[in-house]
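J.: please work out how this folds:
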Amino acid sequence: MPAEVLRSAKREVAAGRAKSLSSFVAEAVDEKLRRDDLNAILDAIEIEHGKPTKTATAWAKRVLARSS
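T.: All right, here's what the predicted structure looks like:
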């Protein structure tokens, strides 16, 4: 692990944003795996249905903006 990444992770633990370095790393790995799974699903949808149109993308952005 790059030294700066390790220092940043240790700062997160020291600040109380993680129980331990191990749990911080485990959370980061879990998040990466979930993101990779989601990307695989999105890729499969794109292969089956094609890229979203500009209209569909604009609609989705409006809906997401209202929900946040």
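J.: going forward, measure contacts and count neighbours with C-alpha atoms only.
T.: Fine.
J.: next one, pLDDT for the residue of the chain most remote from its centre please.
T.: Most distant from the centre of the chain: Thr55, at 25.0 Å, with distances by Cα atoms, centre = their mean. What the model reports as pLDDT for Thr55 is 97.
J.: what's the distance between Phe24 and His49?
T.: Using Cα to Cα, to the nearest Å, Phe24 is found at 37 Å from His49.
J.: at the geometric centre of this protein, which residue sits there?
T.: Geometric centre of the chain, nearest residue: Arg35, 4.9 Å, by Cα atoms, centre = their mean.
J.: what pLDDT does that residue get?
T.: So, for Arg35, pLDDT stands at 98.
J.: and it, how far from Val29?
T.: Taking Cα to Cα, one finds Arg35 at 10 Å from Val29.
J.: go on, Leu21?
T.: Using Cα to Cα, Leu21 is found at 12 Å from Val29.
J.: Val5 now?
T.: Val5 is 14 Å from Val29, by Cα to Cα.
J.: verify the stated contact: Glu12 with Ala18.
T.: Yes: between Glu12 and Ala18 a contact is recorded at 6.3 Å, counting by Cα atoms under 8 Å.
J.: all strands of the protein, in order?
T.: For the chain, applying DSSP state E gives no strands.
J.: longest helix of it, counting residues only.
T.: In the chain, taking DSSP state H as the definition, the longest helix is helix 21-49.
J.: may I see the buried residues of it?
T.: Neighbour counts over helix 21-49 (16 or more other Cα atoms under 10 Å) mark Leu21, Phe24 as buried.
J.: now for that helix, which elements pack on it?
T.: helix 3-14 (3 or more Cα pairs under 8 Å, 6 or more residues apart in numbering; DSSP states H and E).
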